[in-house]
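A.B. asks: here is a sequence with its predicted model. Questions after.
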Amino acid sequence: MRCPCGGRIIDDVRGKDDYDTLPGKRFFTCKNYKEHIERLTKRLEEVELVINWVPEVNNQIERLEAEVKALNGEVDNLTGQVYNLSVQVTDLEKLCFD
């Protein structure tokens, strides 16, 4: 049998050390179990930070999408203005060169 950290099981813990609150319960562990628990705890804290950051990222995405929509509207407006100016240039060319 192997410990989740990959170490070899070396101890049958019965209500001692960190498990005093659970007298009579049996836990199989290895010499690295405390370090493994610390690594898992640190990883869990990192994941919690990412999870807590997700709503802010979603808000930023929504704001950027709104900006993109507004900018697309401005581009459409400018495209229309360029078209109107090109029509006016064509009309002026006809007047000048005819």
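C.D. replies: Right, received. Where do you want to start?

A.B. asks: can you give me the strands in this protein?
C.D. replies: 11-14, 26-29 (DSSP state E).

A.B. asks: mean pLDDT for those: which is lowest?
C.D. replies: Ranked by mean pLDDT, those bottom out at strand 11-14, with a mean of 55.

A.B. asks: where in this structure is pLDDT low?
C.D. replies: 1-31 (pLDDT under 70).

A.B. asks: kindly recompute the last result at 80.
C.D. replies: 1-36, 98 (pLDDT under 80).

A.B. asks: residue ranges for the helices of it, please.
C.D. replies: Here the chain has its helices, by DSSP state H, at 33-97.

A.B. asks: check the gap between Trp53 and Asn59 for me.
C.D. replies: 11 Å (C-beta to C-beta, to the nearest Å). To be clear about C-beta, it is placed using only N, CA and C from the backbone, and glycine gets the same treatment.

A.B. asks: what do you get for Leu49?
C.D. replies: 17 Å.

A.B. asks: and for Phe97, the neighbour number?
C.D. replies: 6 (other C-beta atoms under 10 Å).

A.B. asks: could you do His36 as well?
C.D. replies: 16.

A.B. asks: please apply the same query to the one 4 residues further on.
C.D. replies: The number of residues packed near Leu40 is 12, by other C-beta under 10 Å.

A.B. asks: what distance do you get for it to Asn77?
C.D. replies: In terms of C-beta to C-beta, Leu40 sits 55 Å off from Asn77.

A.B. asks: equivalent analysis for Glu46, please.
C.D. replies: 46 Å.

A.B. asks: do the same with Cys96
C.D. replies: 29 Å.

A.B. asks: go on, Ile61?
C.D. replies: 25 Å.

A.B. asks: same question for Trp53.
C.D. replies: From Trp53 to Asn77 the distance is 36 Å (C-beta to C-beta).

A.B. asks: with Ser86 instead?
C.D. replies: Distance from Ser86 to Asn77, by C-beta to C-beta: 15 Å.
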